[in-house]
Structure formats: C-alpha cells, structure tokens
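Peer 1: Curious how this folds, go ahead:
(2 chains)
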Number of protein chains: 2
Amino acid sequence: MSKGVKLGVIGAGSAVFSLGLVRDLCCSKDLYGSTITLMDIDEQRLDSIFKLSTRYVDELRVDLKFEKTTSRETALKEADFVINTALHGGHGNYETQRATGDKHGYYRGAPGRNYNQLRFMLSVARDMERICPDAWLIQSSNPVFDGCTLMTRETDIKVVGLCHGHHGYRFIADVLGLDLAHVECQAVGFNHIIYMTHFLYKGEDAYPLIDEWIETKSEEYWRTHKLGRAAQVSPAAVHQYKMVGLYPIGDTPRRGGWWYHIDLKTKKRWYGEIGGFDSEIGWAQYLEGLIKRVDHIMKVANDRSVLVTEEFPPRRGEEQHLGIIEALTFNKEGKFQVNIPNKGLIEDIPDDVVVEVPAIVNKTGIQGIRVGKLPKNLLLQVLWPRIHEMERELELSLSSDKRLFLRMLLDDNRTRSLEQAKAALEEILSLPFNREMAKNMMESAAARAH
Amino acid sequence: MSKGVKLGVIGAGSAVFSLGLVRDLCCSKDLYGSTITLMDIDEQRLDSIFKLSTRYVDELRVDLKFEKTTSRETALKEADFVINTALHGGHGNYETQRATGDKHGYYRGAPGRNYNQLRFMLSVARDMERICPDAWLIQSSNPVFDGCTLMTRETDIKVVGLCHGHHGYRFIADVLGLDLAHVECQAVGFNHIIYMTHFLYKGEDAYPLIDEWIETKSEEYWRTHKLGRAAQVSPAAVHQYKMVGLYPIGDTPRRGGWWYHIDLKTKKRWYGEIGGFDSEIGWAQYLEGLIKRVDHIMKVANDRSVLVTEEFPPRRGEEQHLGIIEALTFNKEGKFQVNIPNKGLIEDIPDDVVVEVPAIVNKTGIQGIRVGKLPKNLLLQVLWPRIHEMERELELSLSSDKRLFLRMLLDDNRTRSLEQAKAALEEILSLPFNREMAKNMMESAAARAH
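Peer 2: Okay, here's the model as predicted:
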C-alpha cells in the first residue's frame, strides 16, 4: 500500500541531523517510496549532503528518492511533512552576538538573541500555509518552545516540536544503578524546562531512590566523577530539584537560574570541572565536536572511494521524527514526547502556550496526554516566568518594539544600570546580521510617533 | 428615611485617616444616624481617637454615634460596611525589615515584606464571612492590589479597594497650565500601577500637550523646580511614559523599575533633589510629617480646652469611602475609582486579578467600566510582571513556602549570589515580628518531607 511520503527538510545542510535522518529512513521500511527534498541556502553543504544521501540509499538499494533545492517553495511543494532544522544565520551569528553581550557585562551572552530565528520560523510556517497547508511541520531547531508557540498562534498549520532531552532520566537511572528496562518516567513542562512528574522503578515510585542518592552518595559522586557537559546529576540539578520539588530533566538543569552562571568559577561549582555545557569551555568543546563531525561527514560525502554505509552503518536512532511520521501516515500508533499547544493538558497554563508532554500519535493525529495539576511552586518559580519571557520574545519578533528589547535587557540580573542595557542594545543592533531588526525597530518607533 | 449605617473601622488608631473620616462623616447628611465602631489594638490611640470623634460630633451637634473596641468581633458585628485601614505591625516593623534588607545589599529593603499584612487582611475578610457576610469591605491600607486579590479569591465577601493616587493627573494639568475644570482623565491598571488611557482638555486629546511639555519645557522645569516627594512630572515619570507609551499616574512613577533606585545618587537623578518619596530622605520626611500630624491630633484629642472643630474645621475631603457608602446605601449614583476583580474589564488580565478602574456605583452595586485592550507593551513590561509578583506574594502568604521566598529574593535585581539571598532570608526570618512566618515555614518544609 505504502508509496511513502513527501518530506521537505529545511536546513538540510545540518550535516549531523541529515545523516541521522538518512540512516533512520533506510531503517524504516514503511517509508520506502518516499521523496525527500533537501533544502538549504548553503549550496555547497547541500550538495554534499545530497551526494551522501543518494549514495547511502544506492549502496543499500533502498527505494528512497532525494532531491535538493535552494528554494523553500520547491521544498514545501506537495509536502506531507516538513522538518525545519535550520538555525537562521548559523552558530556564527549566535557566537558574535554572544561576544557582544560578554563585552557589555552579559557573561555568555545577553537576552534577545532569537529575533531573527523566530521571524524565520514564522516565515516558514506562513509559506507552508500558502504552499502545503495540510502538511505537518516538525520543528527541530531551537527555540522549540517559543517558535512552536509563535507558529501555532499565528498560522493554521499543524506543528509539532521535537527534542530528545526527555531521555535524560536514563542518565539518572544509570547513576542510581537501575535496570533501564524497568524504569518509567514522565517529564513535562516546556521544551528545555521539563520536570519528572513520575519516576517509577518496577512499577514503584523511585523518587525515594533519588532522595537517598542525594543524601548519601551525591557528594562522593561529585568528588570522584567528571561531569563533562552532562548536567543531569550535577549539583545544579539537585539544587533545582530542592527548589521546586520535581527533578529537572535533560536540558533543564543547564539553565535553572542566573545564580548558577555568574562566572566560570560559579559554573564549575554547580556543573563540575568544565563548568558544564554552557561554559566557555563546555560550549567550545561542543562546537569543536560538531565541526569535527561535520568535517568527517563532508569528507565522506565527497570521497567516492569509501562506502558511506560502512563509515556510517545504517541504524535507527532515537530521534522521534520518523516514528511520528509513520504513526500519522500509517496509523502505527505510538507514545511520543512532543511539543504541542497546551489546550488544557497542564492546568494553569494558557491553552495557546506550547507544552512538552507525552502524546499518543496515530492516524487521528497527535493527542496529548492530560497531565493535570503541577505544583504551584513549580509554576511560580519556573514555568510562569518562562511563559512571560516567551511572550516578550514573541512580541519582540512581531512588533520590533525597541522599548521591549531594552526592558528585556533591563530585567536581566546582570544589568547594573540603564546605560549598560542601552549600550549593549545599540551594539547588538549594529551587528551586520541584525540590520533588518535595527531597521524594523526604527520603523516601528517612527510609526508610534505619528 | 435614613437611619444611617453601621460602620466598623479596623485600625481606627490611624489618627490621620480617622480624623478625615469624622470630618467627612459630619459633612454627609445622608449618613447621620450612623454608628461607627472604632477598633484598634492600641488602646491608648483608640481612646484618643474616640474622644476626638465624640467631641467632634458633639460640637457640631451631629447625629453620629461612635463606639470603641479592641475586639475585631465587636467591630464587625452587624456592620454594613467595614473599613480596613490597619497596617499589621505598623511602620516600625516595616522599617526594621527594610533595614535588614539594606544590610544585605537591598537598598531601601528586600522583597517579601507583605507576608504578615496579607495574612492579617485575609483574617479580617474571613472574620467578616463569619460575622457580617453581607457587609462591604472597603480596603484602605496597602498593599491594596495584592490584598484585595487575595481576599476576593479566598472569601465570598464583597471587597472594594480604595486609593487616591488617580488624582495625580491634576498635578500634570497644573504643570501644563490647564484649567482643571476642563480636564478629564481615565487611569487604569492595578493599584499603584495605573496609566492614563485618556487625558482630555476641553474634550480634546491632551496627550500632545504632555509631549510638547516634555519636548520643550521639562528640562527647564527640572532645573528650576524642587520636586520634593512628588514623582508625577519627574524625569522618572517621563522615562516610564516613553518606555510604555501611556503616562504613569499617582504612585506609579515612584517605582517603575530598579534602575531608578540603585542608590540615592540615582534616585536624585530621576526624582529630583531629595531622591523622591522613597529615598531615605523623602521617606524620613514623610514619616516625620506623619508623626507630627499624629502628635497634633493626639494633643488636640486630649486637650479639652480647645474646640476640635476649630482646630480641624469640618470639610468633605477627597477620600471616596463615604461617597461609595452613600451610593451603595442610598442609591446616590456616582463614578468612583475602585479596585475590584477584573472579570473581563481589562483584556488579557485574568478575571480574578483585582484591577483599578473607574466604576459606576449605586444601589445595584459596584459596576466597573470596561476598559478593553491596553497596549501589549504595557502588559509585557509592567502589568504581567506585577501580576506574577503578586501571585508569588499571595502564594507565599498561603503556603509559607520558604523556597518561594528565596526565589523572590533571587529574582531581585540587587541579588548578586545565592548566598546573599539566603543570608538575607535567614535574618528576615529571625526578626521578632516574623516569628510566626519562620515557624510556618518550618512546618511547611516538614510537611513536604513526608
């Protein structure tokens, strides 16, 4: 029966993601017959990924058709699914803006870095409304929480945001010495801010095991283990757990509160020997690793003398993208961790805010599991403030209101004076890739003056 | 027809307020025949105020009956109206807690000072539910916004919060040289955070007059005028207006943002030569003035050789309390500035948050005027963050959750480390008048541990 699907990939030049997708696709028989249109504005990258992909399926003699295009319109045409994995401007722009923040007293970057990315995400969704209004958008690139909320509010397309942070509970299970086969976890909230509402071992509440580990073993663990970039059982994670009463999962403990991130010394205290993922050390390691992997993929892609399937053997990874596509298309029902509009799933969170929850996915669609009440303390300390931050980010991307950007800087704990915030703002707006933002803000101010 | 009303005054020892009330009452013929039960826990103060009041009505031969009691129950019994003007613990406790904050790096006080006052307000409302469930509570003491929201959520009694900050527009009119008789203003928001949605002169939009004054005259005004404790046309007020797009009224510009309040020098820059109402200079002046006025009232109250009506001639002041009582009781319809649950009056503000709006008051009750939409920028910069702050204050007063108190301190811009917040918290909890809070927090933590 299956003739596969038509899948458009925006930002297919993301080599690691695209390689993973190709390997997953080759392991998904139901999707054979599909056409995958790889789209990127970086032609060279796109070309390499396209070569890699076609060679991959050729070597395996798998019935998957790859196309490449630099035109978004072409990628969206007749698409059943669109994956957006693109980071507008790439890591380079983010690093430049981060350095500008650093210069003005915002260690590791000032707030308000998502303007371009959010507008880009919305423009993709708007194009989908026009070109493939019935297609599902699978949003992979960050910020998933803000972006999915923006797109589901402003357009009528079907959006689901995906991440893999919820697997973080496995790290905890491992540290506790539990057999993963008997561990169950439910973690909910917003993308990158999820907390375990349930943690079961052999059907019994396993939270007491965490408490016991913290009480009796954590100090020794921290003395004897390097934490690297993993924050899952860091002192920061434990402290956040104590503050809100539920354990933070995946990317959640990486942030948590400004007081873990004052400087490298503070970061080391809370995240271990390199100060965690987001310190200058951890992040440089991450980017270096990324560049190495991309270089490797590119080298293989452009070296016809090797078998790509030998370099990167086919295996179905842990990304949920294809599982959800299969469930929606072929009614292969499954439970997935998704980011979808709340609509009552979590109490005291507005309906039109995108939440991360488990969901049942099948031909009828993506049906979120109703979580109900979360502790008021968690709402007050973490979730409601994050909603507020998101609302500001969204409005900034829509209104280009410079006063709001200034307020976002002013409300950052690291701001010491109005002058500091203003100076940072002006330099951020002077960055070449923020030219459009600067222009929009001038126009928005001029319109207000009339 | 009128036999007056039964009015209970909680905190009647507030000499300035009570004297004003007596003078107002004597000028309100419809209320003759009323019984006013003055209640305070400070017997000496209460006694003086009682003497003053009875002498006042005796001198004028006005038919008003005063009673005094230290029992809240007695004051509430058979009351038609209850005015709560009490500040739990008085200014002394606030000043002590403020000094503790100062010591830990929180210039002019740390957050979280309303715990005792909010619980006190709620206990009055709960007593009213039991003793005089049909009476109206007129809430006069601060925090009106947080307190009225708490009481209307947690009890079924009728609550209206009153303030006089909305008169602030007159100060602006005066500075602009406008004839007050032709000025109309609508200012809405939350108590102490209200903004002019309408400012009319002779029926025309007068906002351009403000803009012109700012553009051409403000600098000279600030050079040539002492601002004293009035913030209404201060540089801070103008800056806030520029930030949010509507002009802040009354007490609103006194706060506005941490960056106006870094230290006395910053305060002077934004609020003039003494740093405004809330600097150490302005506040000391205010307290001194208050003490002088109270001393004067007390002296007169206890000196039978003078005529109190000569010292304090009868006049109807600007407080709205009696006007509202008359409107509700005798259907003397009027438009008042009130604090009542939103219930759709302002869009994008939850129904159960108390807003400050104009209202029509008559025998049918207090009917708020629907304001509709406010600028998104105002919501995002000011009103939503204030809701969030209020939600934390209320939950803290209800749950006694120490973790939440710590978070409130951590989210203060002046906090530089987790240790600073913890140290401040512990010393605040060690203050004698916070003993109950400290105990409740220990019990709440113990309950969580089980």
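Peer 1: Please list all residues in contact with A:Glu393.
Peer 2: Applying CB atoms under 8 Å, 6 or more residues apart in numbering or on different chains to A:Glu393 gives the contacts A:Gly112, A:Asn114, A:Leu118, A:Pro143, A:Asp146, A:Met408. Where you see a C-beta, it was placed from the backbone N, CA and C, and this is true even at glycine.
Peer 1: Name the helix or strand for it, please.
Peer 2: Taking DSSP states H and E as the criterion, A:Glu393 maps to helix A:384-399.
Peer 1: now swap in A:Leu374 and tell me
Peer 2: Here A:Leu374 is assigned to no helix or strand, by DSSP H and E.
Peer 1: Pull the number of nearby residues for it.
Peer 2: Residues lying near A:Leu374 (other CB atoms under 10 Å in any protein chain shown) number 21.
Peer 1: Just to check, it is in contact with A:Val382?
Peer 2: No - counting by CB atoms under 8 Å, A:Leu374 sits too far from A:Val382 to count as a contact (9.6 Å).
Peer 1: Spell out which residues are contacts of both of the two.
Peer 2: The contact sets of A:Leu374 and A:Val382 overlap at A:Gly189, A:Tyr195 (CB under 8 Å, 6+ apart).
Peer 1: what's near enough to touch the nearest residue to A:Asp278 once chain neighbours are set aside?
Peer 2: Leaving aside its chain neighbours, A:Asp278 sits nearest to A:Arg254 (5.7 Å; criterion: CB to CB, 6 or more residues apart in numbering or on different chains). Neighbouring residues of A:Arg254 by CB under 8 Å, 6+ apart: A:His192, A:Ala231, A:Gly276, A:Phe277, A:Asp278.
Peer 1: Give the residue spans of chain A that score low on pLDDT.
Peer 2: Scanning chain A for pLDDT under 70 picks out the ranges A:1-2, A:450.
Peer 1: The same query, at a cut-off of 50, please.
Peer 2: A:1 (pLDDT under 50).
Peer 1: Run through the strands of it in chain order.
Peer 2: For chain A, applying DSSP state E gives strands covering A:6-10, A:35-39, A:65-69, A:81-84, A:136-139, A:158-161, A:183-190, A:193-201, A:204-205, A:248-249, A:334-341, A:354-362, A:365-368.
Peer 1: So which elements touch the fifth one?
Peer 2: Based on contacts counted as 3 or more CB pairs under 8 Å, 6 or more residues apart in numbering or on different chains; DSSP states H and E, the elements that strand A:136-139 packs against are strand A:81-84, helix A:115-131, helix A:144-154, strand A:158-161, helix A:321-330.
Peer 1: of all those, which lies closest to chain B?
Peer 2: helix A:144-154 (13.1 Å; CB to the nearest CB).
Peer 1: circling back to that earlier point, can you narrow the contacts of A:Glu393 down to the ones near chain B?
Peer 2: Among the contacts of A:Glu393, no residue is within reach of chain B (CB under 8 Å from any CB of the partner chain).
Peer 1: Check the contacts of A:Arg254 against B:Ile366 and report the nearest one.
Peer 2: Nearest to B:Ile366 among the contacts of A:Arg254: A:His192, at 44.7 Å, using CB to CB.
Peer 1: Give me the phi and psi for the spatially closest residue to that closest one that is not a sequence neighbour.
Peer 2: Excluding its sequence neighbours, the residue lying closest to A:His192 (CB to CB, 6+ apart) is A:Asp251, at 4.3 Å. Backbone torsions for A:Asp251, taken as degrees, to the nearest 10, come to phi -80, psi -10.
Peer 1: Distance-wise, check A:Asp251 relative to chain B.
Peer 2: Distance, A:Asp251 to chain B, by CB to the nearest CB, to the nearest Å: 20 Å.
Peer 1: So which bits of stretch A:69-81 are buried?
Peer 2: A:Thr69, A:Arg72, A:Thr74, A:Ala75, A:Leu76, A:Ala79, A:Asp80, A:Phe81 (16 or more other CB atoms under 10 Å in any protein chain shown).
Peer 1: show me the residues around the first one that make contact.
Peer 2: Spelled out, it's A:Thr69. A:Thr69 makes contacts with A:Thr37, A:Leu38, A:Met39, A:Ala75, as judged by CB under 8 Å, 6+ apart.
Peer 1: if we can go back for a sec, any idea which of the helices and strands packed on strand A:136-139 is most buried?
Peer 2: A comparison of the helices and strands packed on strand A:136-139 by mean neighbour count, using mean count of other CB atoms under 10 Å in any protein chain shown, puts strand A:81-84 on top with a mean of 26.
Peer 1: now it, how far from the centre of its chain.
Peer 2: For strand A:81-84, the distance from its own C-alpha centre to the chain's C-alpha centre is 14 Å (CA atoms, centre = their mean, to the nearest Å).
Peer 1: Which strands border it, and is each parallel or antiparallel?
Peer 2: Take DSSP bridges as the rule and strand A:81-84 pairs in its sheet with strand A:6-10 (parallel), strand A:136-139 (parallel).
Peer 1: which of the ones you listed is buried the deepest?
Peer 2: Scoring those by mean count of other CB under 10 Å, the most buried comes out as strand A:6-10, with a mean of 27.
Peer 1: what residues does that one touch?
Peer 2: Taking CB under 8 Å, 6+ apart as the rule, strand A:6-10 contacts A:18, A:21, A:34-40, A:72, A:75-86, A:124, A:132, A:135, A:325.
Peer 1: Mind doing that once more with 6 Å?
Peer 2: A:35-39, A:75-76, A:78-84, A:86, A:124 (CB atoms under 6 Å, 6 or more residues apart in numbering or on different chains).
Peer 1: Same check on stretch A:324-337?
Peer 2: For stretch A:324-337, contacts defined as CB under 6 Å, 6+ apart pick out A:Val5, A:Asp30, A:Phe81, A:His166, A:Gln320, A:Gly323, A:Pro358, A:Ala359, A:Ile360, A:Val361, A:Asn362, A:Lys363.
Peer 1: where do the helices sit along the stretch 151-300 of chain A?
Peer 2: A:169-176, A:207-216, A:218-224, A:235-244, A:264-271, A:280-301 (DSSP state H, counting those that start in this stretch).
Peer 1: so which of the contacts of A:Arg254 is the most crowded?
Peer 2: Busiest of the contacts of A:Arg254 [other CB under 10 Å] is A:Ala231, holding 29 neighbours.
Peer 1: Report the spatially nearest residue to that one, omitting neighbours in sequence.
Peer 2: Nearest non-adjacent residue to A:Ala231, counting by CB to CB, 6+ apart: A:Pro253, 4.2 Å away.
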